[in-house]
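Visitor: sequence and predicted structure below; questions after.
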Amino acid sequence: MIPILLAVAGAMIWMPKWWRVAQREHYLPGSVNATLFRWLETTAVPNMGLAVLGLISAVATVLLDGSTRLWSTAAVVVISAVTPVGFPLRGRTSKLRFTRRMKTTAVLAILIWGAALWLLSVFATTSSAAAICSLFGCVAVDAALAVAVPLETRLAKRFQTSAEERLRAVRPLVIALTGSYGKTSTKEHLAALIAPIRPTVASPASWNNQAGLSRAINEHLTPSTEVFIAEMGTYGPGEIRRLCGWIKPEIVAITAIGPVHLERMGSIDNIVKAKMEIVEDATTVVLNVDSLELADQAERIADTRRVIRCSGRRDSAADVRVSTDDTGEDLRLDYFAESYSLGPLQASVQTSNVAVAAALAVEAGLPPGRLGALVEGLETGEHRASVSVTDSGLTIIDNTFNSNPAGAKDALATLLTHSREGRSVVITPGMVELGPQQDSENAEFARLVVESGGELVIVGRTNRRALRRGASAVDGIVIEVSSRDAAREWVRLNLSAGDGVLWENDLPDHYP
């Protein structure tokens, strides 16, 4: 009985921290063990050593007997509770919230873990059962996430049905956007362009899945709504197709293709296929052809659908362009045969996103002649390359919501523009979810920072080796800090008026 009590006591420590990971990773089955392996790989000392010691101790509970077996069980329980060392028991960036879904996950995890503990106790010793269930407790949480999928799908279907009824009653023009990056900013640009002429509702924040879009429709669509803008995300094939099956967008757009979520999607080709599901039943398709993959797709589907090609480059032959004029100084918007002069855009506003938003706005009824005046007032949301200056004169570029190579390079260019007279510092934990390209993309970004005369501050350990390698290739200045708070303190002590700092990406504290 003592080994079982030890295992239960240990589970009260380690299980809540893995519940928090499950919640932060959007309840994706497999995400808990993936997080554990990431920590073991990145912080091999001491965590890989502890994992091996725990495995040896678990084997000892099978091979040994007497008091040695009990002490081995206790060792496994303690190791399971503290591993990975450095992982906060209580979240600093995102605390565990006991929502309805979290409660369901917690109950299922406890039941699965308890059942495994009981079964192993029947067929083996209580010491072995306690050791094995403690050492592999993460499996129970991931199993709970997998078991909950059918239940969550059924619950979500109820809200989806209500949303479908609301859409049929209101009958707005539905515009849907997706893309590896840029979709949220483009959605916000589009809403700002259309709102002056038609009552418009855009899905809030990143409510871009079945549950989020159902909630956006149920809570925000009113009888007077004329345009609904739906941002659509995906982690795999079929998700966008299912969303379009009930939201039924008439006009769609893809903002960009890149290696974001490559870790989950497997390949760029898979990303393209998943994103292109949005065009299958649409009448008008707007594509950012600055992404070569989308330029190819535009040619492929042009015979069967109305395709509007958009670009943020002056040398592009796209239908809609936002770019500098022939002098390379002033901005203009070219909309098919018409051209409009623009004032300066905010530094954080991406011209390709504006071009896509402009094309969609005209399709929704905005007269092309009004584009110029409205485009000049566009802004980006918080934490998306937004620029501010502190009272002390320090320029801050906040790009902490970004985690893609293209956006990181654009934000670096913005930093260099605003800190020509002082130091240019990039603070980053690096980019994640880039699959096999993650190391090379982070190393390349670090190289660009240093090569451009910037200084690099590396936060945490997740991408430390890759960032360090990229910076060292050009003999750059590299500072390493353990956390975002430590980075803030470094900025306070080392930077002053005239300097500029780019906060590039941010990672929740379940990353090492």
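Guide: Thanks, I have it. The structure displayed is predicted, hence computed values, not measured ones.
Visitor: point out where the chain drops to low pLDDT.
Guide: 326-329, 383, 402 (pLDDT under 70).
Visitor: which residue would you name as the spatial centre of it?
Guide: Ser403 (6.8 Å; Cα atoms, centre = their mean).
Visitor: residue contacts, it?
Guide: Neighbouring residues of Ser403 by Cβ atoms under 8 Å, 6 or more residues apart in numbering: Val260, Met431, Val432, Glu433, Asn505. C-beta coordinates here come from the backbone N, C-alpha and C atoms, glycine included.
Visitor: just curious, which of the residues you listed is nearest to Val77?
Guide: Distances from Val77 to the contacts of Ser403, taken as Cβ to Cβ, are shortest for Val432 (31.3 Å).
Visitor: got a list of what the closest one touches?
Guide: By Cβ under 8 Å, 6+ apart, the neighbours of Val432 are Glu263, Ser403, Gln438, Thr462, Asn463, Asn505, Leu507, Tyr511.
Visitor: which residues touch His510?
Guide: By Cβ under 8 Å, 6+ apart, the residues touching His510 are Arg20, Val21, Arg24, Glu25, Thr35, Phe87, Gly91.
Visitor: most widely separated two among these?
Guide: The span of those, defined through Cβ to Cβ, is set by Glu25 and Phe87 at 14.0 Å.
Visitor: so for these two, which residue has more residues nearby?
Guide: Using other Cβ atoms under 10 Å as the criterion, Glu25 and Phe87 rank with Phe87 on top: 21 against 17.
Visitor: ok so, going back, ok, of the contacts of Ser403, which come out buried?
Guide: Val260, Met431, Val432, Asn505 (16 or more other Cβ atoms under 10 Å).
Visitor: the closest residue in space to the first one that isn't next to it in sequence and Val481, how far apart?
Guide: The spatially closest residue to Val260, leaving aside those adjacent along the chain, is Ser180, at 4.3 Å (Cβ to Cβ, 6 or more residues apart in numbering). According to Cβ to Cβ, to the nearest Å, Ser180 stands 29 Å off from Val481.
Visitor: so for the two, which residue has more residues nearby?
Guide: Relative neighbour count places Ser180 above the other of Ser180 and Val481, with 26 against 17, counting by other Cβ under 10 Å.
Visitor: what kind of secondary structure is the more buried one in?
Guide: Following DSSP: H, G, I helix; E, B strand; the rest coil, we place Ser180 in the coil state.
Visitor: I'd assumed Asn270 was in contact with it.
Guide: No - the pair Ser180 / Asn270 is not scored as a contact, 11.7 Å apart, by Cβ atoms under 8 Å.
Visitor: what secondary structure does Leu502 sit in?
Guide: Each residue gets one of three states, and Leu502 gets strand by three-state DSSP.
Visitor: so what's it up against?
Guide: Ile397, Asn399, Ala411, Leu412, Thr414, Leu415, Ser424, Val425, Val426, Ile427, Thr428.
Visitor: list the contacts of the fourth one.
Guide: Residues counted as contacts of Leu412 (Cβ under 8 Å, 6+ apart) are Val426, Phe445, Leu448, Val449, Ser452, Gly454, Leu502, Glu504.
Visitor: which helix or which strand is home to it?
Guide: Under the criterion of DSSP states H and E, Leu412 resides in helix 405-418.
Visitor: the inter-axis angle of that helix versus strand 500-504?
Guide: Comparing the axes of helix 405-418 and strand 500-504 via axes from the mean of the first three to the mean of the last three Cα atoms, to 10 degrees yields an angle of 170 degrees.
Visitor: helix or strand right after helix 405-418?
Guide: Criterion used, DSSP H and E; the element after helix 405-418 is strand 424-428.
Visitor: centre of the chain versus that next one, how much separation?
Guide: 20 Å (Cα atoms, centre = their mean, to the nearest Å).
Visitor: parallel or antiparallel, which strands does that strand pair with?
Guide: strand 455-459 (parallel), strand 500-504 (parallel) (DSSP bridges).
Visitor: any idea which of the ones you listed is most buried?
Guide: Most buried of the strands paired with strand 424-428, by mean neighbour count (mean count of other Cβ atoms under 10 Å): strand 500-504, with a mean of 27.
Visitor: buried subset of the contacts of Val432?
Guide: Here, 16+ other Cβ under 10 Å leaves Glu263, Ser403, Gln438, Thr462, Asn463, Asn505, Leu507, Tyr511 buried among those.
Visitor: specify the angle between the one helix or strand the third one maps to and strand 424-428 in degrees.
Guide: The one in question is Gln438. In the assignment (DSSP H and E), Gln438 maps to helix 438-451. For helix 438-451 against strand 424-428, the angle between stretch directions is 160 degrees (the same axes, to 10 degrees).
Visitor: how about helix 438-451: buried residues?
Guide: Neighbour-count burial for helix 438-451 [16+ other Cβ under 10 Å]: Gln438, Asp439, Glu441, Asn442, Ala443, Glu444, Phe445, Ala446, Arg447, Leu448, Val449, Val450.
Visitor: can I get the CA coordinates of it in PDB?
Guide: Taking C-alpha atoms only, helix 438-451 is exported to PDB below (Å, rounded to 0.1, in the frame of the first residue of the first chain):
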ATOM      1  CA  GLN A 438      13.900  25.200 -37.200                       C
ATOM      2  CA  ASP A 439      17.600  25.000 -36.600                       C
ATOM      3  CA  SER A 440      18.600  26.400 -39.900                       C
ATOM      4  CA  GLU A 441      16.000  29.200 -39.900                       C
ATOM      5  CA  ASN A 442      17.100  30.300 -36.400                       C
ATOM      6  CA  ALA A 443      20.700  30.200 -37.300                       C
ATOM      7  CA  GLU A 444      20.100  32.200 -40.500                       C
ATOM      8  CA  PHE A 445      18.100  34.800 -38.500                       C
ATOM      9  CA  ALA A 446      20.900  35.200 -36.000                       C
ATOM     10  CA  ARG A 447      23.400  35.600 -38.800                       C
ATOM     11  CA  LEU A 448      21.300  38.300 -40.300                       C
ATOM     12  CA  VAL A 449      21.100  40.200 -37.000                       C
ATOM     13  CA  VAL A 450      24.800  40.200 -36.400                       C
ATOM     14  CA  GLU A 451      25.700  40.800 -40.000                       C
END
